[in-house]
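quick one: sequence and predicted model below, then my questions.
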Amino acid sequence: MFEKILVATDTLSFCDAKVRTAAAIAAREGATLCLLHVLESTSSIYRNFVADFQTGAEILATPEYQQTVKEALDRNCESVLKKCKAHEIEIALGYPWEEILKRAKDKGAQLIVLGPHTGEAEQKGVVRARGSIGGTLQGVITHERCPVMIIQHPVSEERLNFQNVMVCVDFSESCRHALEFAKKLAHHYGSRLFIFHARAPLAAAEARPSASPAAAGELIKKLEKFCEAVTDNMPYETHLAKDREPFSEILKFAFDQNIQLIAMGSHTKEKGPKFHVGSTVEDVSLRAECPVVVVTDPKALRGMAV
């Protein structure tokens with residue numbers, strides 16, 4: 001399903017969960033893995049000055065220093081990288097999200113694997129945008145059409161069989177693309193597909209027409225109709241959450257059903273190409289035990305074999 005995978009890490013002291021997960025998927029798929037580390041600047045003006053990962057001192061990012069960083073990554077991640085059919089390690093200098101997008105395009109990556117940043121960067125005094133899932137993830141998801149897998153916790157290789165896949169649907173166009181991605185994944189892995197709609201909560205003083213059996217039945221019909229055009233007679237289950245916070249309902253369902261991957265669509269504006277992550281995607285990504293894949297654009301699925 002994946003032939004080229006890009007994983008970016010800001011961790012140089014050990015091989016982190018996102019690199020291990022990306023390498024395990026690449027090994028299983030026979031895919032080429034590109035491991036990228038972006039040297040973030042300590043200055044907003046002089047971008048070629050960085051904090052030495054060993055001493056913390058501000059230094060010039062010379063080719064020799066970049067080679068030292070590359071060797072550290074190779075040494076720390078050797079045991080997982082050697083399992084891949086092919087891999088490469090690249091060091092870049094600049095804004096992380098921009099460099100990730102550039103490398104993903106250059107490499108023809110079909111999947112980008114990232115994680116909320118470790119905090120190592122802030123400890124070294126680098127300048128970066130802030131957000132609850134980190135400026136890098138925000139930047140990549142809001143500009144990239146390629147599926148982005150978010151890894152918050154270590155994932156065992158057994159759970160990377162993706163036998164139970166959940167798709168969160170709010171009837172938006174990006175959720176349709178997320179469903180298409182999940183369908184391809186389910187075909188490839190023989191997964192059980194759960195399609196889930198979590199309604200936004202209503203204030204206590206408001207009427208709750210959606211709580212009636214008839215209204216819930218209509219919503220299930222709407223969900224089934226939304227799925228029909230994508231699933232192509234593929235078996236799936238639809239589930240409707242209660243009127244509580246969507247992210248908490250998603251996480252509860254994922255735990256109860258032993259979900260091994262959650263697919264979501266990022267939000268889109270009504271006009272123009274700009275995307276934004278959305279609070280539910282952020283909340284789920286930060287708390288989910290399993291990988292979360294965010295999909296926005298149908299072009300991301302082109303050339304992705306089943």
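Done, it's in. Numbers count the residues shown, from 1 in each chain.

any stretches of the stretch 1-150 of the chain with poor pLDDT?
Along the stretch 1-150 of the chain, the parts satisfying pLDDT under 70 run over 117-132.

and the helices in it, which stretches?
In the stretch 1-150 of the chain, the helices defined using DSSP state H, counting those that start in this stretch lie at 17-29, 63-81, 96-107, 120-123, 135-143.

which residues touch stretch 99-106?
6, 8, 34, 36, 38, 90, 92-93, 109, 112, 114, 136, 139-140, 143-144, 146 (CB atoms under 8 Å, 6 or more residues apart in numbering). (C-beta placed from N, C-alpha, C; glycine too.)

buried subset of those residues, written for PyMOL?
With 16 or more other CB atoms under 10 Å as the criterion, this PyMOL line picks the buried residues out of the contacts of stretch 99-106:
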select buried, resi 6+8+34+36+38+90+92+109+112+114+136+139+140+144+146
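
which members of the contacts of stretch 99-106 occur in strands, if any?
Mapping the contacts of stretch 99-106 onto strands (DSSP state E) picks out 6, 8, 34, 36, 38, 90, 92, 93, 112, 114.

please name the bridge partners of the third one.
This points to residue 34. residue 6, residue 88 (DSSP bridges).

any idea which of the helices of the stretch 1-150 of the chain is most buried?
helix 17-29 (a mean of 23; mean count of other CB atoms under 10 Å).

neighbouring contacts of it?
Helix 17-29 is contacted from outside by 1-3, 5, 7-9, 11, 31-33, 35, 77, 80-81, 83-85, 87, 111, 113-115, 149, 151-155, 157, 160, 291, using CB under 8 Å, 6+ apart.

helix, strand, or coil at residue 286?
helix (DSSP: H, G, I helix; E, B strand; the rest coil).

give me the neighbour count for it.
Residues lying near residue 286 (other CB atoms under 10 Å) number 15.

now it: how far from residue 78?
Computed as CB to CB, to the nearest Å, the residue 286 to residue 78 distance reads 30 Å.

with residue 22 instead?
According to CB to CB, residue 22 and residue 78 sit 15 Å apart.

for residue 60, same thing?
28 Å.

try residue 13
Taken as CB to CB, the span from residue 13 to residue 78 is 15 Å.

what do you get for residue 87?
Counting by CB to CB, the gap from residue 87 to residue 78 is 10 Å.

could you do residue 185 as well?
With CB to CB as the criterion, residue 185 and residue 78 are 29 Å apart.

same check on residue 37?
Taken as CB to CB, the span from residue 37 to residue 78 is 15 Å.

and for residue 264?
In terms of CB to CB, residue 264 sits 33 Å off from residue 78.

just residue 217 next, same as before
Per CB to CB, residue 217 is found 56 Å from residue 78.

ok, and the closest non-adjacent residue to residue 140?
Among residues not flanking residue 140 along the chain, residue 97 sits closest, at 4.9 Å (CB to CB, 6 or more residues apart in numbering).

rewinding a little: with distance to residue 236 added, can I get the helices of the stretch 1-150 of the chain in JSON lines?
As requested, the helices of the stretch 1-150 of the chain are exported to JSON lines (distance: least, CB to CB, whole Å):
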{"stretch": "helix 17-29", "distance to residue 236": "23"}
{"stretch": "helix 63-81", "distance to residue 236": "33"}
{"stretch": "helix 96-107", "distance to residue 236": "30"}
{"stretch": "helix 120-123", "distance to residue 236": "40"}
{"stretch": "helix 135-143", "distance to residue 236": "25"}
